[in-house]
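Chemist: coords please:
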Amino acid sequence: MGDDEPIRQQLNAGEHLLWSGRPRQGIRPTFEEQAGGSIAFIAFMGVWLVMVAFSILSNLRDIEGQFEPGVLIGGVGILLVGGAILALAVSSDAVDRAHTFYGLTDTRIIQITGVRRPSIRSCPLHYLQRIDVQVRDDGSGTITFEDISYTQWDTPVILRSFDKVENVQSVYDLIHRAKEQAHGQGTEVD
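Modeler: From the prediction side, this is the model:
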């Protein structure tokens, strides 16, 4: 199964796939994660684990110099729980991205996410009110879409994004050209 097969399975009759992609794989924080609490949480957990390890090692013996197995067992348990939390925080995003697919057709954007039961979201190009791009130094980045298709009077606008996309500027330009083409303006989409 090719990387774009999950997207191709979602195409309607007569719909043409212009681009498909996936987020960068591995453990790489996004702009929001870097600015937000993800990196702070990981740093906190690292410091916390070092402090617990030091505390365990310094309290292995009681006042009389006798070995305290309870301190060792309890400390190792705390270290295991802390290590599991840290591993989960670091790897959960990587697992989510491994099961995420993006697509752009001549009529809509498609996003498939999820491990066990994938969630398929699509938005017609003419409902994309605003498209923003954030480009990193290496050319990857995030494209954020403001989707007005679900907007009610009292409901906020739905924001969707293609996160950690390679060559994000060229994908952004392709989306704009496809949107113009869908409206009957602009030039042919490559």
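Chemist: remind me, longest helix of this structure?
Modeler: Longest helix in the chain, counting residues (DSSP state H): helix 69-98.
Chemist: continuing past that one, what's the next helix or strand?
Modeler: strand 101-105 (DSSP states H and E).
Chemist: Within its sheet, name the partner strands of that following strand and how each one runs.
Modeler: strand 17-21 (antiparallel), strand 108-113 (antiparallel) (DSSP bridges).
Chemist: Would you indicate which residues of the shortest one are buried?
Modeler: For strand 17-21, the neighbour count (16 or more other C-beta atoms under 10 Å) marks 18-21 as buried. (C-beta placed from N, C-alpha, C; glycine too.)
Chemist: just for the chain, where's the confidence low?
Modeler: Within the chain, the stretches with pLDDT under 70 are 1-2, 26-39, 62-63, 147-159, 185-190.
Chemist: ok so, going back, would you list the strands paired with strand 101-105 in JSON lines and tack on distance to F101?
Modeler: Formatted as JSON lines, the strands paired with strand 101-105 follow (distance: least, C-beta to C-beta, whole Å):
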{"stretch": "strand 17-21", "distance to F101": "7"}
{"stretch": "strand 108-113", "distance to F101": "4"}
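Chemist: Tell me which of those strands sits nearest to S170.
Modeler: Nearest to S170, of all the strands paired with strand 101-105, is strand 17-21, at 8.9 Å by C-beta to C-beta.
Chemist: how far does the closest one sit from the chain's center?
Modeler: Centre-to-centre, strand 17-21 and its host chain are 18 Å apart (C-alpha atoms, centre = their mean, to the nearest Å).
Chemist: Only the C-alpha atoms, please, for that strand, written as CSV.
Modeler: C-alpha atoms of strand 17-21 as CSV (Å, rounded to 0.1, in the frame of the first residue of the first chain):
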residue,chain,number,x,y,z
LEU,A,17,-5.6,14.0,-6.4
LEU,A,18,-3.3,17.0,-6.8
TRP,A,19,-1.0,16.3,-3.8
SER,A,20,-0.8,13.9,-0.9
GLY,A,21,1.6,13.8,2.0
